[in-house]
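[1] Structure here, sequence nowhere to be found:
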Ligand code: 5GP
């Protein structure tokens, strides 16, 4: 495939993601990392495919039958992982559409990037007791989005096998709080520190 041919052979595993963040990421202020060129606006499908395979390798023995994420940036990331699990992806919706079912699980989530609250909903048809769910999201900061998705699984009676994150900002408390609750949080790149001079990763 085209993306395999383009990858340098000496980069393997999630070093690819760290390199991409180093070369294409932009640090905004002290708290926000912008990765629009490969994850949040334009999508590097080859990279996300490698990331999906890596997520699968971590959770392969967990009998995952569903991946749950939140719109919008989590969707591509989740779908490229789902092809390795052979399962479907459900994404929580943020806005109430006129054609939305009334029969939904719902919870309020505070948005890190927009600074406001939104209602995350999942139609009851698509999440059930008996589902073994892997939660996935592009970023982990304070853990509000992940906690919202956990709450939707709790309402459905579904089992959460773990949480996969593309980029965790390790200097913000979300990862530590989720791990303290006992969840297997697998973050593919953990930013230890960042400034306009660059990004350092936890090794
Ligand atoms: P949390 O809910 O863990 O505080 O923040 C995670 C959510 O906020 C993710 O769904 C992501 O969309 C967004 N987010 C948090 N931090 C960043 C960041 O540094 N850059 C980008 N692009 N999104 C972020």
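    On my side now, so go ahead. This structure is a prediction, so every number in the text was calculated from the model and none was measured. Numbering: from 1, shown residues only.

[2] so what's residue 185 up against?
    Neighbouring residues of residue 185 by CB atoms under 8 Å, 6 or more residues apart in numbering: 140, 162-163, 165, 168, 175, 178-179. The way it works is simple: take the backbone N, C-alpha and C, and place the C-beta from them, glycine included.

[3] Narrow these to those in strands?
    140, 162-163, 165, 168 (DSSP state E).

[4] Closest one of the residues you listed to the ligand?
    Nearest to the ligand among the ones in strands among the contacts of residue 185: residue 140, at 4.8 Å, using CB to the nearest ligand atom.

[5] What strand or helix carries residue 190?
    strand 185-195 (DSSP states H and E).

[6] Which other helices and strands does the next helix or strand after that strand contact?
    Next helix or strand after strand 185-195 toward the C-terminus (DSSP H and E): strand 198-201. With contacts defined as 3 or more CB pairs under 8 Å, 6 or more residues apart in numbering; DSSP states H and E, the packing partners of strand 198-201 are helix 15-24, strand 185-195.

[7] quick one: average confidence on stretch 62-78?
    Averaged over stretch 62-78, pLDDT sits at 97.

[8] From one end of it to the other, what's the distance?
    One end of stretch 62-78 sits 16 Å from the other (CA to CA, to the nearest Å).

[9] in that stretch, what counts as buried?
    Within stretch 62-78, the residues scored as buried using 16 or more other CB atoms under 10 Å are 62, 64-70, 73-78.

[10] Also near the ligand: which of these, exactly?
    residue 73 (CB under 6 Å from any ligand atom).

[11] about what we covered before: buried subset of the ones in strands among the contacts of residue 185?
    The neighbour-count test (16+ other CB under 10 Å) marks 140, 162-163, 165, 168 as buried among these.

[12] Can you tell me which of those residues is closest to residue 152?
    Comparing those against residue 152 with CB to CB places residue 163 closest, at 13.1 Å.

[13] contacting residues for the closest one?
    Contacts of residue 163 (CB under 8 Å, 6+ apart): 134-137, 140, 146, 178, 183-186.

[14] if we go to 7 Å?
    Residues near residue 163 by CB atoms under 7 Å, 6 or more residues apart in numbering: 135, 146, 178, 183, 185.

[15] was I right about the third one contacting residue 146?
    Yes - contact status for residue 178 versus residue 146: in contact at 6.0 Å, counting by CB atoms under 7 Å.

[16] Those two: which is more packed in?
    Taking neighbours as other CB atoms under 10 Å, residue 178 and residue 146 compare with residue 146 leading, 26 against 22.
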